[in-house]
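Student: Just need the structure, nothing else, for what follows:
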Amino acid sequence: METMKIAGRDYPVLGIVTVNGQSAPLVNIRMMSEERERELARNGSAS
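Tutor: Residues are numbered from 1 along each chain as shown. Got it, this is the predicted structure:
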């Protein structure tokens, strides 16, 4: 599986997308929900 290094971390490349004639990799980056972010902030765990 191909990976791409972003900010020092390797993420799997799921495919290539083309927008307005420009190709870009589609990478699998896990995102935190706003609800989870607020929960961590309430607990003082978010930076």
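Student: so where do the strands sit in the protein?
Tutor: Remark: strands assigned in the chain by DSSP state E are 3-6, 9-19, 22-27.
Student: Report the residue spans of this structure with pLDDT below the cut-off.
Tutor: The chain contains residues with pLDDT under 70 at 45-47.
Student: how about a cut-off of 90?
Tutor: For the chain, applying pLDDT under 90 flags the ranges 1, 30-32, 36-37, 40-41, 43-47.
Student: in it, which residue is closest to the centre?
Tutor: Central residue of the chain (C-alpha atoms, centre = their mean): residue 29, 2.7 Å from the mean position.
Student: Could you find the closest non-adjacent residue to that one?
Tutor: residue 11 (5.5 Å; C-beta to C-beta, 6 or more residues apart in numbering). C-beta here means a position set from N, CA and C on the backbone, and glycine is covered the same way.
Student: who's in contact with the one you found?
Tutor: 3, 4, 5, 27, 28, 29 (C-beta atoms under 8 Å, 6 or more residues apart in numbering).
Student: now with 6 Å?
Tutor: By C-beta atoms under 6 Å, 6 or more residues apart in numbering, residue 11 lies in contact with 4, 27, 28, 29.
Student: mind checking how far residue 2 is from residue 27?
Tutor: Distance, residue 2 to residue 27, using C-beta to C-beta, to the nearest Å: 10 Å.
Student: Residue 3 now?
Tutor: Distance from residue 3 to residue 27, counting by C-beta to C-beta: 8 Å.
Student: And residue 34, by the same measure?
Tutor: Separation of residue 34 from residue 27 (C-beta to C-beta) stands at 21 Å.
Student: Compare these two (neighbour count), which wins?
Tutor: More neighbours surround residue 27 than the other of residue 34 and residue 27, with 15 against 8 (other C-beta atoms under 10 Å).
Student: any shared contact partners between residue 2 and residue 27?
Tutor: Residues touching both residue 2 and residue 27 by C-beta under 6 Å, 6+ apart: residue 13.
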